[in-house]
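Trainee: Kindly return the folded structure for what I paste below:
(one chain, ligands or ions: 1)
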Amino acid sequence: MNALHDPAPPLDVERIRADFPLLARTVHDKPLVYLDNANTAQKPAAVIEAVDRFYRETNANVARAVHQLGEEATAAYEASRDKLARFLNAPSRDEIVLTSGTTQAINLVAYSYALPRLQPGDEILVTTMEHHANIVPWQIVCGRTGAKLKVAPISERGELIVDKFVAALTPSVKLAAVAHVSNVLGTINPIAELARAARQRGIPLLVDGSQAAPHLPIDLKALGCDFYALTGHKLFGPTGTGALWARKDILREMPPFLGGGEMIREVRFEGTTFADPPHRFEAGTPNIAGFVGLGAALDYVEALGRERIVEREQALLEHATAALKAVPGLRIVGEAAHKAAVISFLVEGAHAHDLATLLDHEGIAVRSGHHCAHPLMQFYGVPATLRASLAFYNTHEEIDRFVAALVKVRQFLL
Ligand code: PMP
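Mentor: Residues are numbered from 1 along each chain as shown. Next comes the predicted model:
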């Protein structure tokens with residue numbers, strides 16, 4: 001048989017779980033079931049060791065020193081940019097700005113791209129399902145310029161209504177900003193289709209990829225958007241790391257966001273000239289060790305294979321959805337046809353926070369609350385949901401334990 005056509009074997013989950021030291025711990029004397037991956041993901045030993053090794057063997061500042069350590073630290077930090085460019089299939093490494101996370105990436109676009117361009121009467125288009133990080137920065141720059149936020153609606157099932165989104169792309173819209181995957185509903189938005197419509201009208205599209213980058217193959221050349229933001233800690237890397245990808249021609253026109261060291265060409269009291277992108281947007285000492293760790297995380301995910309991750313997580317999603325639907329009085333919020341492994345739900349007669357607290361006593365970590373998506377909660381008319389968010393290292397047995405525990409703790413609240 002032709003080896004090229006052999007399907008990749010499925011992931012060896014027991015071996016993978018052994019790579020994540022934290023998964024072996026107990027909580028309240030019960031084995032941990034970690035189902036809060038959309039909040040932050042656990043880290044493989046390869047990431048923890050890369051950060052540890054950096055501080056033990058390489059630590060120095062980047063882009064400043066000519067000594068050996070400085071060169072090694074700079075090379076390690078810059079290697080993370082290369083890895084991100086490959087991971088995203090970005091046209092160029094110079095289009096990757098390293099940030100502290102998605103929040104900083106979106107604020108960079110808001111302040112450096114949108115703020116200088118917006119005028120009274122202009123609009124920024126978002127959707128009902130956005131995280132606060134993809135709402136509030138736009139509101140702030142709208143407030144400063146007299147522009148307005150416009151919202152594309154979703155259906156009750158939690159799908160973006162594409163026709164309405166496209167109809168909302170009117171000439172007054174100067175930028176559209178959409179989540180690739182909703183952190184509450186799990187909905188996977190049809191980014192290539194949205195980008196095509198925006199491009200035809202000359203409107204740049206920003207994609208919040210926080211929840212997509214850890215779970216889907218990302219091909220920026222195929223997506224066709226103009227900005228893509230992601231965060232490292234959900235991608236099995238350290239906190240305080242992330243990236244903004246933007247087209248080179250757009251980045252070149254963007255003025256600096258933060259000023260300081262590293263981002264300049266020459267400083268005189270009469271005036272300063274700035275470095276080219278991406279360094280123009282990386283003022284000050286970055287989270288060097290964090291990016292070394294993020295590089296290790298990307299290597300880890302690539303070695304597993306993103307197609308295999310999708311396959312595994314879809315199987316987990318299917319299993320969890322069916323098991324939860326069998327619980328009387330439980331309603332899943334977000335039933336899009338295309339979903340990542342994020343399940344929000346409500347249980348009749350029980351408050352989400354109470355259930356999450358009781359589940360914690362069973363060793364089960366789920367999130368309860370508004371998930372930084374107040375407008376989405378308002379759309380569904382609820383103050384909070386419970387959310388189980390899965391990763392490739394979760395198992396069918398863990399899901400069964402979670403659902404059994406949910407049924408058990410619910411009795412206490414009835
Ligand atoms: N957007 C989405 C969809 C998210 O889920 C999150 C994190 N919950 C963010 C943005 C913000 O990411 P960070 O806090 O890492 O900047």
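Trainee: what's the domain layout of the chain?
Mentor: With automatic domain parsing as the criterion, the domains of the chain are listed as 10-39+306-413, 48-302.
Trainee: Figure out which of those is closest to the ligand.
Mentor: domain 48-302 (3.2 Å; CB to the nearest ligand atom). Any C-beta I mention is one placed from the backbone N, CA and C, and that applies to glycine too.
Trainee: end to end, how far does the closest one reach?
Mentor: Criterion CA to CA, to the nearest Å; first-to-last residue distance in domain 48-302 is 17 Å.
Trainee: now stretch 370-388
Mentor: 13 Å.
Trainee: chain center to it: distance?
Mentor: 18 Å (CA atoms, centre = their mean, to the nearest Å).
Trainee: Averaged pLDDT, that stretch. What do you get?
Mentor: Mean per-residue pLDDT for stretch 370-388: 97.
Trainee: What residues of it count as buried?
Mentor: Buried positions in stretch 370-388, judged by neighbour count with 16 or more other CB atoms under 10 Å: 370-373, 376-377, 379-380, 384-388.
Trainee: Which of these fall in strands?
Mentor: Among the buried residues of stretch 370-388, the members falling in strands (DSSP state E) are 385-388.
Trainee: ok, residue 194 - contacts?
Mentor: 160, 162, 165-166, 176, 178, 205, 225 (CB atoms under 8 Å, 6 or more residues apart in numbering).
Trainee: can you map out the strands along the stretch 301-414 of the chain?
Mentor: Assigned by DSSP state E, counting those that start in this stretch, the strands in the stretch 301-414 of the chain fall at 330-333, 342-347, 364-365, 367-369, 385-389.
Trainee: Could I get the ones in strands among the buried residues of stretch 370-388 in a markdown table, plus columns for distance to residue 41?
Mentor: Output for these, formatted as a markdown table (distance: CB to CB, whole Å):
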| residue | distance to residue 41 |
| --- | --- |
| 385 | 20 |
| 386 | 19 |
| 387 | 14 |
| 388 | 14 |
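Trainee: ok, these vs residue 191, which is closest?
Mentor: residue 387 (22.4 Å; CB to CB).
Trainee: residues in contact with the closest residue to residue 335 other than its chain neighbours?
Mentor: Closest residue in space to residue 335, ignoring its immediate chain neighbours: residue 157 at 4.8 Å, by CB to CB, 6 or more residues apart in numbering. Applying CB under 8 Å, 6+ apart, we find residue 157 in contact with 334-336.
Trainee: likewise residue 360?
Mentor: 27-28.
Trainee: how near is it to residue 409?
Mentor: Distance, residue 360 to residue 409, using CB to CB, to the nearest Å: 10 Å.
Trainee: show me what contacts residue 11?
Mentor: 304, 308-309, 312, 392.
Trainee: cool, and residue 187?
Mentor: So, once contact is read as CB under 8 Å, 6+ apart, residue 187 ends up touching 129, 154, 158-160, 181, 334, 336, 338-339.
Trainee: That one bridge partners, please.
Mentor: Legend: beta-bridge partners of residue 187 under DSSP bridges are residue 339.
Trainee: so how far is residue 156 from it?
Mentor: When residue 187 is compared with residue 156 (using CB to CB), they lie 12 Å apart.
Trainee: What residues does the stretch 301-414 of the chain have near the ligand?
Mentor: residue 372 (CB under 6 Å from any ligand atom).
Trainee: beta partners of residue 152?
Mentor: residue 127.
Trainee: Likewise for residue 343?
Mentor: Assigned bridge partners for residue 343, using DSSP bridges, are residue 388.
Trainee: My guess is it contacts residue 184. True?
Mentor: No. With contact defined as CB atoms under 8 Å, residue 343 does not count as touching residue 184 (9.9 Å).
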